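Chemist: The sequence isn't on hand, but the structure is:
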């Protein structure tokens, strides 16, 4: 089996992301660079908790021809490939529907990154315009949005994609994005609650969900 060790590591990462709630069922996908020619891609429509190394697809990056793997590659393969072709420095990209960052993607506003997180995420987390999942339209929009100093992107009404020099750093970027998104939503909801006054029990409950120690839930 080509790249057996790397394929097993990718399966382990998928399980880890599933347990974190970043992947659910068959939602989410990953591409990993194995050498100058090949990439690994998670399969389409397969529950990550049932996946094996043989299910991981091996592709040539240049033309996305599949050279090994028992399954059909993710429908988002072109989206990942477009990023890899523009960022030679990265070795992994991860697309998730993780809950809090995906809520920020629905708001469709760029998120400014505080100084302490910029080395990981970049100066801001930009919003990529909407495109249906798995389409060339979405792949083109993501490719056009890629910047050399930005490692996290919000996909409008869809989810997020994070990148890194390897799978460990890309996964860490996901965690930092989720933490930043939680902070950003908390600030946005707090400001709205202040404008509406103490009568807004629904907003108070949202604040408590984001930060359980934030006070009364009303």
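Modeler: Looks like it came in fine. In this text, all values refer to a predicted model and were calculated from it rather than measured experimentally.
Chemist: okay, and the helix or strand of the protein with the least pLDDT?
Modeler: helix 201-210 (a mean of 59; mean pLDDT, DSSP states H and E).
Chemist: So for stretch 163-182, mean pLDDT?
Modeler: Averaging pLDDT along stretch 163-182 gives 97.
Chemist: buried ones in that stretch?
Modeler: Under the neighbour-count criterion of 16 or more other C-beta atoms under 10 Å, stretch 163-182 has 163-164, 167, 169-171, 173-174, 176-178, 180-182 buried. From N, CA and C alone the C-beta is placed, and that goes for glycine too.
Chemist: just for the chain, where's the confidence low?
Modeler: Applying pLDDT under 70 to the chain flags the ranges 191-218.
Chemist: Which parts of it are helices?
Modeler: 4-20, 77-86, 99-107, 118-121, 136-145, 167-196, 201-210 (DSSP state H).
Chemist: Could you name the helices and strands sitting against the shortest one?
Modeler: Contacting helix 118-121 under the criterion 3 or more C-beta pairs under 8 Å, 6 or more residues apart in numbering; DSSP states H and E are the following elements: helix 167-196.
Chemist: which other helices and strands contact the helix it packs on?
Modeler: By 3+ C-beta pairs under 8 Å, 6+ apart, helix 167-196 packs against helix 4-20, strand 92-96, helix 99-107, strand 111-112, helix 118-121, strand 152-155, strand 159-164, helix 201-210.
Chemist: Redo the buried residues of stretch 163-182 as JSON lines? Include distance to residue 105.
Modeler: Output for the buried residues of stretch 163-182, formatted as JSON lines (distance: C-beta to C-beta, whole Å):
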{"residue": "163", "distance to residue 105": "16"}
{"residue": "164", "distance to residue 105": "19"}
{"residue": "167", "distance to residue 105": "22"}
{"residue": "169", "distance to residue 105": "21"}
{"residue": "170", "distance to residue 105": "18"}
{"residue": "171", "distance to residue 105": "19"}
{"residue": "173", "distance to residue 105": "15"}
{"residue": "174", "distance to residue 105": "13"}
{"residue": "176", "distance to residue 105": "16"}
{"residue": "177", "distance to residue 105": "10"}
{"residue": "178", "distance to residue 105": "12"}
{"residue": "180", "distance to residue 105": "13"}
{"residue": "181", "distance to residue 105": "9"}
{"residue": "182", "distance to residue 105": "14"}
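Chemist: With that, I have no additional questions.
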